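*Asks:* coords below, sequence missing:
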């Protein structure tokens, strides 16, 4: 299956591996020359990461915090040419994972954060999309091409 695909997509997987660059190298082996790698990871250095760290430290600790610069550099170091890379969405606290059967107080806190997300989405429906950014965006995303 190596070299057999025009597109390889990895949605919220990469942050579970300690060697980001080597993981991307392995993913890219499945691409044909000219194929696209589409990757997303949670933005754990922003508010989503802060919320997950505060509400579910055990879940947070199972993730590698990947900064925007490291995310871009890892794709480039894996031999991929960046097409587009950046933050995705303005906010979404639905990304926060509390694990199995969290205490009531944590569920209530997360419900409040999700309600805030809903309010912001309603605002965006009225005024247009708010800009993705390092602080409030829930994800990093990258589209990169395998040379050839």
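*Replies:* Cool, the structure landed. Keep in mind that this is a model prediction, so the values were computed, not measured. Residues are numbered from 1 along each chain as shown.

*Asks:* could you check the distance from the closest residue to residue 77 other than its chain neighbours over to residue 133?
*Replies:* Distances taken as Cβ to Cβ, 6 or more residues apart in numbering put residue 21 closest to residue 77, at 4.8 Å, once the chain neighbours are dropped. For the C-beta atoms, the positions are set from N, CA and C on the backbone; glycine is no exception. From residue 21 over to residue 133 the distance is 25 Å, taken as Cβ to Cβ, to the nearest Å.

*Asks:* Kindly report the same for residue 78.
*Replies:* Here residue 78 is placed at a distance of 26 Å from residue 133 (Cβ to Cβ).

*Asks:* higher neighbour count, those two?
*Replies:* Set residue 78 next to residue 133 and count neighbours by other Cβ atoms under 10 Å: residue 78 wins out with 20 against 14.

*Asks:* which ones are touching the more buried one?
*Replies:* Neighbouring residues of residue 78 by Cβ atoms under 8 Å, 6 or more residues apart in numbering: 21-22, 24-25, 27-28.

*Asks:* Equivalent analysis for residue 23, please.
*Replies:* By Cβ under 8 Å, 6+ apart, the neighbours of residue 23 are 14, 17.

*Asks:* Make sure I have this right: residue 8 is in a strand.
*Replies:* Yes. Counting by DSSP: H, G, I helix; E, B strand; the rest coil, residue 8 falls inside a strand.

*Asks:* Can you spell out which residues form a bridge with it?
*Replies:* Note on residue 8: beta-bridge partners by DSSP bridges are residue 37.

*Asks:* check contacts around it.
*Replies:* Here residue 8 is in contact with 27-28, 30-31, 35-38 (criterion: Cβ under 8 Å, 6+ apart).

*Asks:* got the residues you listed as JSON lines, with pLDDT columns?
*Replies:* Shown next, in JSON lines, are these (pLDDT from 0 to 100):
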{"residue": "27", "pLDDT": "97"}
{"residue": "28", "pLDDT": "97"}
{"residue": "30", "pLDDT": "98"}
{"residue": "31", "pLDDT": "98"}
{"residue": "35", "pLDDT": "98"}
{"residue": "36", "pLDDT": "98"}
{"residue": "37", "pLDDT": "98"}
{"residue": "38", "pLDDT": "98"}
